[in-house]
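Peer 1: okay, predicted coordinates and the sequence, questions at the end:
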There are 2 protein chains.
Amino acid sequence: MAWLPLEPSDSPPAAEFSREAILAAGQRFAGRIHRTPVLQSRWLNQQLGCEVWFKCEHFQRGGAFKIRGATNALLQLTPAQAARGVVTHSSGNHAQALALAAQMGGIECTVVMPENSPAVKMQATRDRGARVVLCPPTQADRIATTQAIMQETGATLIHPFDDPRIILGQATAAWELLEEVPDLDAIWAPVGGGGLLAGTCLSAAWFDPARRIPVYGAEPAGADDSYRSLQSGQLVTQQQPQTIADGLLTTLGQWTWPILRQQLQGLVTVSDDEIQAAMQIFWERLKWVVEPSGAVSLAALRQWLADVDPATDSATEPTAGANRPRKIGVIISGGNRDFSPVPVPNPVPGR
Amino acid sequence: MAWLPLEPSDSPPAAEFSREAILAAGQRFAGRIHRTPVLQSRWLNQQLGCEVWFKCEHFQRGGAFKIRGATNALLQLTPAQAARGVVTHSSGNHAQALALAAQMGGIECTVVMPENSPAVKMQATRDRGARVVLCPPTQADRIATTQAIMQETGATLIHPFDDPRIILGQATAAWELLEEVPDLDAIWAPVGGGGLLAGTCLSAAWFDPARRIPVYGAEPAGADDSYRSLQSGQLVTQQQPQTIADGLLTTLGQWTWPILRQQLQGLVTVSDDEIQAAMQIFWERLKWVVEPSGAVSLAALRQWLADVDPATDSATEPTAGANRPRKIGVIISGGNRDFSPVPVPNPVPGR
């Protein structure tokens, strides 16, 4: 692991990202998507010596938090915009979430995917009613193809993360977590493009402004652009990422970067082995299917508790009562994995 | 699939298996083990055209329902018996459940395992404080070794299923399910040695005696001794079972057989492919790690709804209100799988 402690600013978030805007997002999509459960494991709490409260977005509709931002964005389209449809470029959870949200709203949806995307991901997106347009597997081709579709159809671009409507939608996950456990001492969330982590920072800042609950980011070491950006103070572009956490390959954007820079308490990067160990805890002990990207926040927390805390950090010390166990929120971002075929043991002969 | 409709008797269960005995089991271990959640999937309900209420024993302590019977049995030992310890022969969930229950109660536990058992299962049993004694991999050797230990140590045998205390403990799973959803039209449970299925029959019979909620058994086609026993009316011994459902290889016993014969509404056998398809639903859609044996009841229900219902069966027709969807309880028996290493995708290069 690598650990980057940060000093968050005292300033409130920018005007677009008000407390009211977070609450409005939650009210906008209430009843359309799940209010996911917040769960604990007694075994894990004993192992880690603190209370870990998981916000279970792997149980969300579409299997990931992405439906929050997608739904929040689609519900704010004008009737004229909705009639022209939406477009995005993604081969991951955002593509399927946008397709699902558009299907629920009766809106046409086009998804631009690299032509080398797994067939199962293309099919899953089509199964949710979206049109899939393939392009050569370069960033430039994806953008060019998307722009061509926008010009041709008048469709509105719904970016996977770098859009205030998306960030505010993702913020509702942490807000719901805090409504259930208001006295959390810290929240951990993974970072790829930064939509979920930025949203988490916003909810933590607004939920209890007097306390400003610390938020920690968790990033794969093989895609550590956020770490390098926050360390240097300059937005660094992702180069040649290599990690099993395939949902966290993207680079921070113009909207997410300033929020993280202002609000984050610290960032931890973890190796693929550490991510795998956290997945194994979810699968074997908690019986939850969590995807690699979804396990990164637990992986980072485990390493941080073992290697950093409490020697160099006091930000998450108990705020009320010296002897109560610390209460730490961990956002599980998603659980989308293809199991075709599902891994089963060999047939067992009689015994 | 193969489908065997049965005609349950009107007689109440035998005296050992009273309503009060089920309630006493639940009170006995209250607070020591989990009251597992009862959960639904909107997607699956739409697929199947009925409401499926899952009793989630894969979230139970030790990862399976087995801790219910084991705890119920151990809590009824006399102080003198407890001081001499307990013994069982098993390489599966019962071994680990008994070890865990004994550890909680401060009781010495010995588990006899075939010497070709997976090392990870031996280690998991030792990790829960039990002594593991290996024996040659035959049924005769297992029994001889177990009896030698009983004579040597005075330990009490806790059978995996063929014991009223075990059956009554397992019955509490269905009882809890019915407390949450009293108007279930039917309950499905898997059958190996029959402890869970017999217990389910008892709870269904006693919970609402006027209605006698139908119970259906689900069995792997590759270990179909229950099917052949119920078809012939004679207890048939398992010969050369071969299935991925490694928790359901055993034969019915002297206590479980009469209960099933008297109480069961029908039995469905399913192929390994059908079990695998049900597992895939749990893993991909519901994000739950369910072991093959745990998926057999959903596999059987799916096949039965597709191939049998409603042409030849009216037992699960709605009992209240003609237009409400049928409500079907399904017991997921466990989720114990070894993931070492956990299956992860190959590291993904940048895109």
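Peer 2: Done, it's in.

Peer 1: contacts and neighbour counts: CA atoms only from here.
Peer 2: Fine.

Peer 1: neighbours of A:Ser297, how many?
Peer 2: Counted with other CA atoms under 10 Å in any protein chain shown, the neighbours of A:Ser297 add up to 30.

Peer 1: which helices and strands does the strand or helix carrying it pack with?
Peer 2: Per DSSP states H and E: A:Ser297 is located in helix A:292-307. Contact here means 3 or more CA pairs under 8 Å, 6 or more residues apart in numbering or on different chains; DSSP states H and E; on that basis helix A:292-307 packs against strand A:186-190, strand A:215-220, strand A:266-270, helix A:272-280, strand A:327-332.

Peer 1: may I have that helix exported as PDB, CA atoms only?
Peer 2: Coordinates of each C-alpha in helix A:292-307 appear next as PDB, following Å, rounded to 0.1, in the frame of the first residue of the first chain:
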ATOM      1  CA  PRO A 292     -12.700  -6.400  -7.700                       C
ATOM      2  CA  SER A 293     -13.400  -2.700  -7.900                       C
ATOM      3  CA  GLY A 294     -16.000  -3.100  -5.200                       C
ATOM      4  CA  ALA A 295     -13.500  -4.700  -2.800                       C
ATOM      5  CA  VAL A 296     -10.900  -1.900  -3.100                       C
ATOM      6  CA  SER A 297     -12.300   0.100  -0.300                       C
ATOM      7  CA  LEU A 298     -12.100  -2.800   2.200                       C
ATOM      8  CA  ALA A 299      -8.700  -3.700   0.900                       C
ATOM      9  CA  ALA A 300      -7.500  -0.100   1.600                       C
ATOM     10  CA  LEU A 301      -9.100   0.100   5.000                       C
ATOM     11  CA  ARG A 302      -7.500  -3.200   6.100                       C
ATOM     12  CA  GLN A 303      -4.000  -2.100   5.000                       C
ATOM     13  CA  TRP A 304      -4.500   1.400   6.600                       C
ATOM     14  CA  LEU A 305      -5.500  -0.100   9.900                       C
ATOM     15  CA  ALA A 306      -2.600  -2.500   9.900                       C
ATOM     16  CA  ASP A 307       0.200  -0.100   8.600                       C
END
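
Peer 1: buried ones in that helix?
Peer 2: Judged by neighbour count using 16 or more other CA atoms under 10 Å in any protein chain shown, the buried positions of helix A:292-307 are A:292-304.

Peer 1: can you redo those as TSV with distance to A:Gln263 and pLDDT?
Peer 2: What follows is these, written out as TSV (distance: CA to CA, whole Å; pLDDT from 0 to 100):
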residue	distance to A:Gln263	pLDDT
A:Pro292	25	95
A:Ser293	22	95
A:Gly294	22	97
A:Ala295	23	97
A:Val296	20	98
A:Ser297	17	98
A:Leu298	20	98
A:Ala299	22	98
A:Ala300	18	98
A:Leu301	18	97
A:Arg302	22	97
A:Gln303	22	96
A:Trp304	19	96
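
Peer 1: closest to chain B out of the residues you listed?
Peer 2: A:Pro292 (7.3 Å; CA to the nearest CA).

Peer 1: how far is the helix holding A:Ser297 from where the chain is centred?
Peer 2: Mean C-alpha position of helix A:292-307 versus that of the full chain (CA atoms, centre = their mean, to the nearest Å) differs by 14 Å.

Peer 1: thought A:Pro37 was touching A:Cys56?
Peer 2: Yes. Using CA atoms under 8 Å, A:Pro37 is in contact with A:Cys56, at 5.8 Å.

Peer 1: now the helices for the stretch 101-250 of chain A?
Peer 2: All helices of the stretch 101-250 of chain A, identified by DSSP state H, counting those that start in this stretch, fall at A:119-127, A:139-153, A:164-180, A:195-207, A:225-232.

Peer 1: now the first one: average pLDDT?
Peer 2: Mean per-residue pLDDT for helix A:119-127: 86.

Peer 1: and if you look at the third one?
Peer 2: In this model, helix A:164-180 has a mean pLDDT of 98.

Peer 1: which parts of the stretch 201-350 of chain A sit against chain B?
Peer 2: A:239-246, A:249, A:276, A:279-280, A:283-290, A:292, A:335-342, A:344-350 (CA under 8 Å from any CA of the partner chain).

Peer 1: buried ones among these?
Peer 2: Buried among those (16+ other CA under 10 Å): A:239, A:241-246, A:249, A:276, A:279-280, A:283-290, A:292, A:335-337, A:348, A:350.

Peer 1: against B:Gln242, how distant is the residue nearest to the spatial centre of chain A?
Peer 2: Closest residue to the average C-alpha location of chain A: A:Leu196 at 4.0 Å, with CA atoms, centre = their mean. Counting by CA to CA, to the nearest Å, the separation of A:Leu196 from B:Gln242 is 47 Å.

Peer 1: same deal with A:Ala278?
Peer 2: Taken as CA to CA, the span from A:Ala278 to B:Gln242 is 33 Å.

Peer 1: for A:Gln123, same thing?
Peer 2: 34 Å.

Peer 1: pLDDT value on A:Asp309, please?
Peer 2: For A:Asp309, pLDDT reads 77.

Peer 1: that one: neighbour count?
Peer 2: A:Asp309, neighbours per other CA under 10 Å, totals 15.

Peer 1: I'd assumed it was in a helix, is it?
Peer 2: No. Assigned with DSSP: H, G, I helix; E, B strand; the rest coil, A:Asp309 falls outside any helix and is coil.

Peer 1: distance of it from A:Gly194?
Peer 2: 24 Å.

Peer 1: low-confidence ranges, the stretch 1-150 of chain A, go.
Peer 2: Low-confidence regions of the stretch 1-150 of chain A, defined here as pLDDT under 70, do not occur.

Peer 1: for it, what lies in contact range of chain B?
Peer 2: With the criterion set to CA under 8 Å from any CA, the stretch 1-150 of chain A comes near chain B through A:His58, A:Phe59, A:Gly63, A:Pro137, A:Thr138, A:Gln139.

Peer 1: now do the contacts for the closest residue to the fourth one other than its chain neighbours.
Peer 2: Looking back up the chat, that one is A:Pro137. Spatial nearest neighbour of A:Pro137, chain neighbours left out: A:Pro114 (4.5 Å); criterion: CA to CA, 6 or more residues apart in numbering or on different chains. Residues near A:Pro114 by CA atoms under 8 Å, 6 or more residues apart in numbering or on different chains: A:Ser91, A:Leu134, A:Cys135, A:Pro136, A:Pro137, A:Thr138, A:Arg142.

Peer 1: drop anything exposed from the residues you listed.
Peer 2: Buried members of these, scored by 16+ other CA under 10 Å, are A:Ser91, A:Leu134, A:Cys135, A:Arg142.

Peer 1: give me the contacts around stretch A:39-59.
Peer 2: Residues contacting stretch A:39-59 (CA under 8 Å, 6+ apart): A:36-38, A:63-65, A:173-174, A:177, A:286, A:289-290, A:294, A:302, A:305, A:325-336, B:286-287.

Peer 1: list the buried residues of stretch A:249-269.
Peer 2: By neighbour count on 16+ other CA under 10 Å, the buried set for stretch A:249-269 is A:249-253, A:255-257, A:259-269.

Peer 1: tell me how far that stretch lies from the chain's centre.
Peer 2: 12 Å.

Peer 1: then that stretch to CSV, C-alphas only?
Peer 2: Below are the C-alpha coordinates for stretch A:249-269, written out as CSV (Å, rounded to 0.1, in the frame of the first residue of the first chain):
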residue,chain,number,x,y,z
LEU,A,249,-9.2,2.6,-14.8
THR,A,250,-10.4,6.1,-15.6
THR,A,251,-8.8,9.5,-14.8
LEU,A,252,-10.4,12.1,-12.6
GLY,A,253,-12.3,14.8,-14.4
GLN,A,254,-12.8,18.6,-14.3
TRP,A,255,-15.7,18.3,-11.9
THR,A,256,-14.5,15.5,-9.6
TRP,A,257,-10.8,16.6,-9.3
PRO,A,258,-11.5,19.9,-7.4
ILE,A,259,-13.9,18.2,-5.0
LEU,A,260,-11.4,15.5,-4.1
ARG,A,261,-8.6,18.0,-3.8
GLN,A,262,-10.6,20.2,-1.4
GLN,A,263,-12.4,17.6,0.7
LEU,A,264,-10.5,14.3,0.9
GLN,A,265,-8.8,13.3,4.2
GLY,A,266,-6.4,10.8,2.6
LEU,A,267,-5.9,8.3,-0.1
VAL,A,268,-4.6,4.7,0.1
THR,A,269,-3.4,2.6,-2.9
